[in-house]
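# Quick one, what's the 3D model for this:
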Amino acid sequence: MKVSINTFYRETHPGAVLQAYALSRILKSLGHEPEVLAYARPSRGASTIKQRIMAIATRRAETSRQYAAFCARFLQESGKVYHSFAEIAANPPHADAFICGSDQKWNPGLLTGNRFDPAYFLQFGPAGIPRISYAVSFGGYKPGLEQESLLRTYLSTFNAISVREPVAQAMLSRILGREVALTLDPTLLLGDYSELLQPASDAGCYILLYSVQNSAAIHQIAQVTAAYYGLPIWSANGPLLPWKVLGRRIEERSPLQWINLVHGAAAVVTNSFHGLAFSLLLKKRVVLSPLTGPMAKGNERMVHLCDILGINQDVIPAKAAETIRSDINWDLVANRLAEHRESSLCFLRNALAGTQV
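Residues are numbered from 1 along each chain as shown. Sure, this is the predicted structure:
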(Lines give C-alpha, C1' and ligand atoms only; values in the text may rest on other atoms or scores of the structure.)
Protein backbone atom coordinates (compact mmCIF):
# COMPACT_ATOMS: atom_id res chain seq x y z
CA MET A 1 0.00 0.00 0.00
CA LYS A 2 0.99 3.60 -0.42
CA VAL A 3 1.16 5.00 3.11
CA SER A 4 1.18 8.74 3.81
CA ILE A 5 3.08 9.64 7.00
CA ASN A 6 2.16 12.89 8.71
CA THR A 7 4.70 13.82 11.38
CA PHE A 8 7.02 16.53 12.66
CA TYR A 9 10.05 16.20 10.44
CA ARG A 10 10.61 19.54 8.71
CA GLU A 11 12.64 20.55 11.77
CA THR A 12 16.33 21.16 12.44
CA HIS A 13 16.28 18.55 15.18
CA PRO A 14 17.92 15.13 14.67
CA GLY A 15 15.33 13.14 16.62
CA ALA A 16 12.43 14.55 14.60
CA VAL A 17 14.02 13.71 11.27
CA LEU A 18 15.41 10.33 12.29
CA GLN A 19 12.07 9.09 13.64
CA ALA A 20 10.53 9.87 10.22
CA TYR A 21 13.44 8.07 8.55
CA ALA A 22 13.00 5.04 10.84
CA LEU A 23 9.23 4.74 10.32
CA SER A 24 9.71 5.00 6.56
CA ARG A 25 12.30 2.22 6.60
CA ILE A 26 10.08 -0.01 8.74
CA LEU A 27 7.09 0.47 6.41
CA LYS A 28 9.30 -0.40 3.44
CA SER A 29 10.45 -3.55 5.21
CA LEU A 30 6.77 -4.51 5.61
CA GLY A 31 6.31 -4.19 1.85
CA HIS A 32 4.63 -0.79 1.72
CA GLU A 33 5.42 2.45 -0.10
CA PRO A 34 5.84 5.25 2.46
CA GLU A 35 5.61 8.92 1.59
CA VAL A 36 6.16 11.68 4.15
CA LEU A 37 3.64 14.51 3.93
CA ALA A 38 5.63 17.72 3.40
CA TYR A 39 3.85 19.78 6.03
CA ALA A 40 5.77 22.25 8.16
CA ARG A 41 4.71 22.72 11.75
CA PRO A 42 2.92 26.10 11.71
CA SER A 43 4.93 28.90 13.26
CA ARG A 44 3.89 30.08 16.72
CA GLY A 45 4.41 33.71 15.69
CA ALA A 46 6.89 36.18 14.25
CA SER A 47 10.47 35.78 15.38
CA THR A 48 11.87 38.29 17.85
CA ILE A 49 15.00 40.34 17.29
CA LYS A 50 16.85 38.04 19.70
CA GLN A 51 15.73 34.97 17.73
CA ARG A 52 16.87 36.55 14.46
CA ILE A 53 20.28 37.35 15.95
CA MET A 54 20.55 33.77 17.24
CA ALA A 55 19.66 32.44 13.79
CA ILE A 56 22.54 34.39 12.26
CA ALA A 57 24.99 33.54 15.05
CA THR A 58 24.27 29.80 14.80
CA ARG A 59 24.20 29.77 10.99
CA ARG A 60 20.69 28.34 11.08
CA ALA A 61 20.25 28.77 7.32
CA GLU A 62 23.17 26.38 6.68
CA THR A 63 21.76 23.88 9.17
CA SER A 64 18.34 24.07 7.48
CA ARG A 65 19.97 23.46 4.10
CA GLN A 66 21.76 20.34 5.32
CA TYR A 67 18.64 18.98 7.02
CA ALA A 68 16.66 19.51 3.82
CA ALA A 69 19.41 17.70 1.87
CA PHE A 70 19.20 14.74 4.26
CA CYS A 71 15.42 14.55 3.83
CA ALA A 72 15.71 14.76 0.03
CA ARG A 73 18.25 11.92 0.06
CA PHE A 74 16.72 9.54 2.58
CA LEU A 75 12.97 10.24 2.62
CA GLN A 76 10.30 10.01 -0.03
CA GLU A 77 8.50 13.33 0.43
CA SER A 78 5.18 14.35 -1.08
CA GLY A 79 5.54 16.32 -4.29
CA LYS A 80 3.48 19.17 -2.88
CA VAL A 81 4.57 21.19 0.15
CA TYR A 82 1.69 22.21 2.43
CA HIS A 83 1.63 25.24 4.71
CA SER A 84 -1.77 24.91 6.39
CA PHE A 85 -4.51 22.41 7.18
CA ALA A 86 -6.75 24.19 4.65
CA GLU A 87 -4.24 23.47 1.88
CA ILE A 88 -4.12 19.76 2.80
CA ALA A 89 -7.92 19.49 3.03
CA ALA A 90 -8.32 21.13 -0.38
CA ASN A 91 -5.79 18.85 -2.08
CA PRO A 92 -5.06 15.81 0.14
CA PRO A 93 -2.32 13.32 -0.71
CA HIS A 94 -3.34 10.16 -2.54
CA ALA A 95 -2.70 7.15 -0.32
CA ASP A 96 -4.13 3.79 0.75
CA ALA A 97 -3.56 4.57 4.42
CA PHE A 98 -2.73 7.61 6.56
CA ILE A 99 -0.39 7.37 9.56
CA CYS A 100 0.20 9.93 12.30
CA GLY A 101 3.89 9.40 12.90
CA SER A 102 5.62 9.75 16.22
CA ASP A 103 6.69 12.92 18.07
CA GLN A 104 4.69 15.55 19.96
CA LYS A 105 2.09 16.22 17.27
CA TRP A 106 -0.72 16.20 19.83
CA ASN A 107 0.94 18.77 22.09
CA PRO A 108 -0.82 22.12 21.43
CA GLY A 109 1.97 23.92 23.28
CA LEU A 110 4.16 23.43 20.19
CA LEU A 111 1.57 24.76 17.75
CA THR A 112 0.15 28.09 16.66
CA GLY A 113 -2.38 29.46 19.14
CA ASN A 114 -1.81 26.54 21.57
CA ARG A 115 -4.56 24.64 19.74
CA PHE A 116 -4.82 21.15 18.28
CA ASP A 117 -4.09 21.17 14.55
CA PRO A 118 -6.64 19.02 12.66
CA ALA A 119 -3.93 18.20 10.12
CA TYR A 120 -2.12 16.23 12.82
CA PHE A 121 -5.33 14.25 13.45
CA LEU A 122 -5.65 13.29 9.77
CA GLN A 123 -8.89 15.23 9.31
CA PHE A 124 -8.54 15.25 5.53
CA GLY A 125 -8.94 12.87 2.61
CA PRO A 126 -11.68 10.32 1.82
CA ALA A 127 -13.54 8.86 4.79
CA GLY A 128 -12.87 5.21 3.90
CA ILE A 129 -9.07 5.36 4.09
CA PRO A 130 -7.60 3.74 7.23
CA ARG A 131 -6.21 6.19 9.76
CA ILE A 132 -3.59 5.06 12.25
CA SER A 133 -1.57 6.75 14.97
CA TYR A 134 1.84 5.27 15.67
CA ALA A 135 3.60 6.17 18.96
CA VAL A 136 2.25 9.73 18.98
CA SER A 137 2.98 11.87 22.03
CA PHE A 138 1.15 14.60 23.95
CA GLY A 139 4.47 15.73 25.41
CA GLY A 140 2.98 15.83 28.91
CA TYR A 141 0.01 18.00 27.85
CA LYS A 142 -3.19 17.35 29.80
CA PRO A 143 -6.34 18.32 27.85
CA GLY A 144 -9.30 20.08 29.48
CA LEU A 145 -12.94 19.07 28.95
CA GLU A 146 -13.25 21.00 25.68
CA GLN A 147 -10.07 19.41 24.31
CA GLU A 148 -11.25 15.96 25.44
CA SER A 149 -14.42 16.43 23.42
CA LEU A 150 -12.34 17.43 20.40
CA LEU A 151 -10.14 14.36 20.83
CA ARG A 152 -13.23 12.12 20.81
CA THR A 153 -14.36 13.71 17.55
CA TYR A 154 -11.00 13.62 15.81
CA LEU A 155 -10.01 10.11 16.89
CA SER A 156 -13.39 8.53 16.19
CA THR A 157 -12.24 8.18 12.57
CA PHE A 158 -9.10 6.21 13.50
CA ASN A 159 -8.88 2.47 12.88
CA ALA A 160 -5.98 2.00 15.30
CA ILE A 161 -4.39 4.19 17.94
CA SER A 162 -1.05 3.87 19.69
CA VAL A 163 0.95 6.33 21.78
CA ARG A 164 4.45 6.52 23.20
CA GLU A 165 3.96 7.00 26.95
CA PRO A 166 1.94 5.05 29.55
CA VAL A 167 0.34 8.25 30.93
CA ALA A 168 -0.97 9.15 27.47
CA GLN A 169 -2.19 5.58 26.97
CA ALA A 170 -4.23 5.66 30.19
CA MET A 171 -5.55 9.15 29.49
CA LEU A 172 -6.72 8.37 25.94
CA SER A 173 -8.24 5.03 26.95
CA ARG A 174 -10.34 6.89 29.53
CA ILE A 175 -11.37 9.67 27.13
CA LEU A 176 -12.17 7.42 24.18
CA GLY A 177 -13.46 4.34 25.97
CA ARG A 178 -11.44 2.08 23.68
CA GLU A 179 -8.15 0.24 23.62
CA VAL A 180 -5.06 2.36 23.02
CA ALA A 181 -1.77 0.56 22.39
CA LEU A 182 1.67 1.46 23.71
CA THR A 183 4.37 1.24 21.03
CA LEU A 184 8.06 1.96 20.71
CA ASP A 185 9.34 5.20 19.24
CA PRO A 186 10.13 4.47 15.55
CA THR A 187 13.84 5.06 16.12
CA LEU A 188 13.85 2.05 18.46
CA LEU A 189 11.73 -0.02 16.10
CA LEU A 190 14.46 0.13 13.47
CA GLY A 191 17.56 -1.78 14.48
CA ASP A 192 19.83 -1.11 11.49
CA TYR A 193 21.26 2.36 10.85
CA SER A 194 24.31 1.12 8.95
CA GLU A 195 23.59 3.19 5.83
CA LEU A 196 24.00 6.35 7.93
CA LEU A 197 27.13 5.35 9.84
CA GLN A 198 30.59 6.41 8.72
CA PRO A 199 34.10 5.47 9.96
CA ALA A 200 35.87 8.22 11.91
CA SER A 201 39.52 8.71 12.85
CA ASP A 202 38.54 10.15 16.24
CA ALA A 203 36.17 7.32 17.23
CA GLY A 204 36.35 6.50 20.94
CA CYS A 205 38.39 9.63 21.69
CA TYR A 206 35.73 11.80 23.34
CA ILE A 207 32.76 11.90 25.69
CA LEU A 208 29.71 13.32 23.95
CA LEU A 209 27.54 15.75 25.92
CA TYR A 210 24.21 16.19 24.14
CA SER A 211 21.68 18.26 26.06
CA VAL A 212 18.34 19.87 25.35
CA GLN A 213 18.57 21.72 28.69
CA ASN A 214 21.85 23.25 29.85
CA SER A 215 22.32 22.76 33.60
CA ALA A 216 24.93 22.45 36.32
CA ALA A 217 23.69 18.90 36.98
CA ILE A 218 24.42 17.56 33.50
CA HIS A 219 27.77 19.36 33.44
CA GLN A 220 28.75 17.67 36.70
CA ILE A 221 27.80 14.23 35.35
CA ALA A 222 29.73 14.90 32.13
CA GLN A 223 32.82 15.93 34.11
CA VAL A 224 32.67 12.79 36.25
CA THR A 225 32.25 10.63 33.14
CA ALA A 226 35.12 12.35 31.33
CA ALA A 227 37.39 11.93 34.36
CA TYR A 228 36.53 8.22 34.59
CA TYR A 229 37.42 7.63 30.92
CA GLY A 230 40.27 10.14 30.84
CA LEU A 231 38.84 11.74 27.70
CA PRO A 232 37.81 15.26 26.62
CA ILE A 233 34.19 16.41 26.44
CA TRP A 234 32.58 17.37 23.13
CA SER A 235 29.36 19.36 23.51
CA ALA A 236 27.02 18.87 20.55
CA ASN A 237 25.17 22.14 20.02
CA GLY A 238 26.02 23.34 23.49
CA PRO A 239 25.49 26.92 24.68
CA LEU A 240 26.46 29.62 22.19
CA LEU A 241 28.34 31.72 24.76
CA PRO A 242 31.88 30.29 25.00
CA TRP A 243 32.17 30.58 28.80
CA LYS A 244 29.04 28.43 29.22
CA VAL A 245 30.31 25.61 27.02
CA LEU A 246 31.68 22.50 28.71
CA GLY A 247 34.58 21.15 26.67
CA ARG A 248 34.68 21.56 22.90
CA ARG A 249 31.54 22.90 21.23
CA ILE A 250 30.56 20.93 18.12
CA GLU A 251 28.19 22.66 15.72
CA GLU A 252 25.85 19.85 14.71
CA ARG A 253 24.55 20.58 11.21
CA SER A 254 22.64 17.48 10.09
CA PRO A 255 21.09 14.22 11.31
CA LEU A 256 23.93 12.40 9.55
CA GLN A 257 26.57 14.31 11.50
CA TRP A 258 24.65 13.91 14.76
CA ILE A 259 24.21 10.13 14.58
CA ASN A 260 27.90 9.77 13.76
CA LEU A 261 28.84 11.91 16.77
CA VAL A 262 26.95 9.39 18.92
CA HIS A 263 28.46 6.49 16.97
CA GLY A 264 32.01 7.75 17.53
CA ALA A 265 31.71 8.57 21.24
CA ALA A 266 33.30 6.50 23.97
CA ALA A 267 30.30 7.39 26.16
CA VAL A 268 27.32 9.75 26.03
CA VAL A 269 25.88 12.05 28.70
CA THR A 270 22.44 13.37 27.79
CA ASN A 271 19.01 14.58 28.91
CA SER A 272 17.45 13.96 25.49
CA PHE A 273 15.17 11.03 24.68
CA HIS A 274 16.74 10.48 21.29
CA GLY A 275 20.20 10.99 22.78
CA LEU A 276 19.36 8.08 25.10
CA ALA A 277 17.69 6.00 22.38
CA PHE A 278 20.54 6.21 19.87
CA SER A 279 23.17 5.63 22.55
CA LEU A 280 21.42 2.36 23.36
CA LEU A 281 20.90 1.45 19.70
CA LEU A 282 24.60 2.02 19.00
CA LYS A 283 25.65 0.32 22.26
CA LYS A 284 27.25 3.35 23.85
CA ARG A 285 27.72 3.69 27.60
CA VAL A 286 25.16 6.36 28.39
CA VAL A 287 24.36 8.33 31.52
CA LEU A 288 21.09 10.21 31.77
CA SER A 289 20.64 13.53 33.57
CA PRO A 290 16.91 14.09 34.21
CA LEU A 291 15.34 17.35 32.99
CA THR A 292 14.22 19.90 35.57
CA GLY A 293 11.64 22.67 35.90
CA PRO A 294 8.95 23.00 33.18
CA MET A 295 10.85 20.52 30.99
CA ALA A 296 10.70 17.77 33.65
CA LYS A 297 7.58 16.29 32.03
CA GLY A 298 9.92 15.10 29.28
CA ASN A 299 11.50 12.65 31.75
CA GLU A 300 8.51 10.31 31.59
CA ARG A 301 9.36 8.69 28.28
CA MET A 302 13.07 8.40 29.14
CA VAL A 303 12.38 6.76 32.50
CA HIS A 304 9.78 4.49 30.83
CA LEU A 305 12.37 3.37 28.26
CA CYS A 306 14.89 2.61 30.99
CA ASP A 307 12.19 0.74 32.93
CA ILE A 308 11.17 -1.56 30.08
CA LEU A 309 14.82 -2.29 29.26
CA GLY A 310 15.74 -2.93 32.90
CA ILE A 311 18.59 -0.41 33.00
CA ASN A 312 17.35 2.31 35.37
CA GLN A 313 20.09 1.84 37.96
CA ASP A 314 22.78 1.67 35.26
CA VAL A 315 21.74 4.82 33.40
CA ILE A 316 20.04 7.24 35.83
CA PRO A 317 22.60 8.20 38.48
CA ALA A 318 21.95 8.52 42.18
CA LYS A 319 25.68 9.27 42.33
CA ALA A 320 27.38 9.75 38.96
CA ALA A 321 30.72 8.35 40.11
CA GLU A 322 29.06 5.07 41.13
CA THR A 323 26.80 4.81 38.09
CA ILE A 324 29.58 5.22 35.53
CA ARG A 325 31.51 2.34 37.10
CA SER A 326 28.64 -0.11 36.46
CA ASP A 327 28.14 -1.89 33.15
CA ILE A 328 25.04 -2.01 30.96
CA ASN A 329 23.82 -5.55 30.33
CA TRP A 330 23.67 -5.36 26.54
CA ASP A 331 22.20 -8.85 26.18
CA LEU A 332 19.29 -7.81 28.42
CA VAL A 333 18.81 -4.61 26.40
CA ALA A 334 18.80 -6.57 23.12
CA ASN A 335 16.33 -9.18 24.38
CA ARG A 336 13.89 -6.66 25.82
CA LEU A 337 14.12 -4.42 22.78
CA ALA A 338 13.36 -7.44 20.56
CA GLU A 339 10.28 -8.23 22.67
CA HIS A 340 8.91 -4.70 22.47
CA ARG A 341 9.77 -4.39 18.80
CA GLU A 342 7.72 -7.46 18.02
CA SER A 343 4.62 -6.16 19.82
CA SER A 344 5.00 -2.76 18.14
CA LEU A 345 5.43 -4.35 14.71
CA CYS A 346 2.39 -6.55 15.40
CA PHE A 347 0.35 -3.40 16.07
CA LEU A 348 1.57 -1.81 12.83
CA ARG A 349 0.95 -4.94 10.72
CA ASN A 350 -2.59 -5.41 12.10
CA ALA A 351 -3.43 -1.73 11.74
CA LEU A 352 -2.33 -1.66 8.09
CA ALA A 353 -4.14 -4.92 7.40
CA GLY A 354 -7.35 -3.23 8.54
CA THR A 355 -7.65 -5.07 11.84
CA GLN A 356 -9.32 -2.93 14.51
CA VAL A 357 -6.84 -2.31 17.33
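# Now do the residue lying farthest from the centre of the chain against Ala320, distance only.
Within the chain, the residue lying farthest from the chain centre (C-alpha atoms, centre = their mean) is Gly230, at 31.1 Å. Distance, Gly230 to Ala320, using C-beta to C-beta, to the nearest Å: 16 Å. Quick note: C-beta positions are derived from backbone N, CA and C, even for glycine.
# what do you get for Thr270?
Taken as C-beta to C-beta, the span from Thr270 to Ala320 is 13 Å.
# Residues in contact with both of those two, list them for me.
With contacts taken as C-beta atoms under 8 Å, 6 or more residues apart in numbering, Thr270 and Ala320 have Val287 as neighbours in common.
# Which of those two has more residues huddled nearby?
Neighbours per residue (other C-beta atoms under 10 Å) separate Thr270 from Ala320, with Thr270 holding more: 28 against 20.
# Can you report phi and psi for that one?
Backbone geometry at Thr270, expressed as degrees, to the nearest 10, gives phi -150, psi 160.
# Identify the residues contacting it.
By C-beta under 8 Å, 6+ apart, the contact list for Thr270 reads 208-211, 218, 276, 279, 286-289.
# Closest one of these to Ser344?
Among the contacts of Thr270, Leu276 lies closest to Ser344 (C-beta to C-beta), at 17.5 Å.
# The closest one: what secondary structure?
helix (DSSP: H, G, I helix; E, B strand; the rest coil).
# thought it was touching Leu288?
Yes: judged on C-beta atoms under 8 Å, Leu276 makes contact with Leu288 at a distance of 5.8 Å.
# Low-confidence regions, the chain specifically.
Scanning the chain for pLDDT under 70 picks out the ranges 42-47, 49-52, 54-58, 355-357.
# Against Val224, how distant is Arg131?
From Arg131 to Val224 the distance is 47 Å (C-beta to C-beta).
# More neighbours: those two, which one.
Arg131 (22 against 19).
# Mind listing the residues bridging to the more buried one?
For Arg131, the beta-bridge partners are Phe98 (DSSP bridges).
# check contacts around it.
97-100, 122, 157-159 are the contacts of Arg131 under C-beta under 8 Å, 6+ apart.
# From the residues you listed, list just the buried residues.
With burial judged by 16 or more other C-beta atoms under 10 Å, the buried subset of those is 97-100, 122, 158-159.
# could the residues you listed be laid out in TSV, adding distance to Gly264?
Formatted as TSV, the buried ones among the contacts of Arg131 follow (distance: C-beta to C-beta, whole Å):
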residue	distance to Gly264
Ala97	38
Phe98	38
Ile99	33
Cys100	34
Leu122	39
Phe158	41
Asn159	42
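# between the residues you listed, which is closest to Gly15?
Ranked by distance to Gly15 (C-beta to C-beta), these are led by Cys100 at 16.6 Å.
# Pull the contacting residues for the nearest residue to Leu352 once chain neighbours are set aside.
Closest residue to Leu352 apart from its sequence neighbours, by C-beta to C-beta, 6 or more residues apart in numbering: Ala97 at 5.9 Å. The contact partners of Ala97, by C-beta under 8 Å, 6+ apart, come to 1-4, 129-132, 352.
# if we can go back for a sec, now for the contacts of Thr270, which pair is the farthest apart?
Spatially, the most separated pair among the contacts of Thr270 is Ile218 and Ser279, at 14.2 Å (C-beta to C-beta).
# Which one of the contacts of Ala97 is nearest to Val81?
Once C-beta to C-beta is applied, the member of those that ends up nearest Val81 is Ser4, at 14.0 Å.
# check which helix or strand covers that closest one.
Element membership for Ser4 (DSSP states H and E) is strand 2-6.
# So which elements touch that strand?
If you count contacts as 3 or more C-beta pairs under 8 Å, 6 or more residues apart in numbering; DSSP states H and E, strand 2-6 packs onto helix 14-29, strand 33-39, strand 97-100.
# Columns distance to Gln198 on top of the ones you listed, output as CSV?
Formatted as CSV, those follow (distance: least, C-beta to C-beta, whole Å):
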stretch, distance to Gln198
helix 14-29, 15
strand 33-39, 24
strand 97-100, 30
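# Cys306 is nearest to which of these?
Among the helices and strands packed on strand 2-6, helix 14-29 sits nearest to Cys306 (C-beta to C-beta), with 17.0 Å.
# Which positions in that closest one come out as buried?
For helix 14-29, the neighbour count (16+ other C-beta under 10 Å) marks 14-27 as buried.
# Let me have the residues you listed in TSV, extended by distance to Ile250.
Output for the buried residues of helix 14-29, formatted as TSV (distance: C-beta to C-beta, whole Å):
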residue	distance to Ile250
Pro14	13
Gly15	17
Ala16	19
Val17	18
Leu18	17
Gln19	22
Ala20	23
Tyr21	21
Ala22	23
Leu23	27
Ser24	27
Arg25	26
Ile26	29
Leu27	32
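# Just give me the closest of these to Asn107.
Top of the list for closeness to Asn107, among these and by C-beta to C-beta, is Ala16 at 12.8 Å.
# returning to what we had before: of the buried residues of helix 14-29, closest to Val262?
Using C-beta to C-beta, Pro14 is the member of the buried residues of helix 14-29 that lies nearest Val262, at 9.1 Å.
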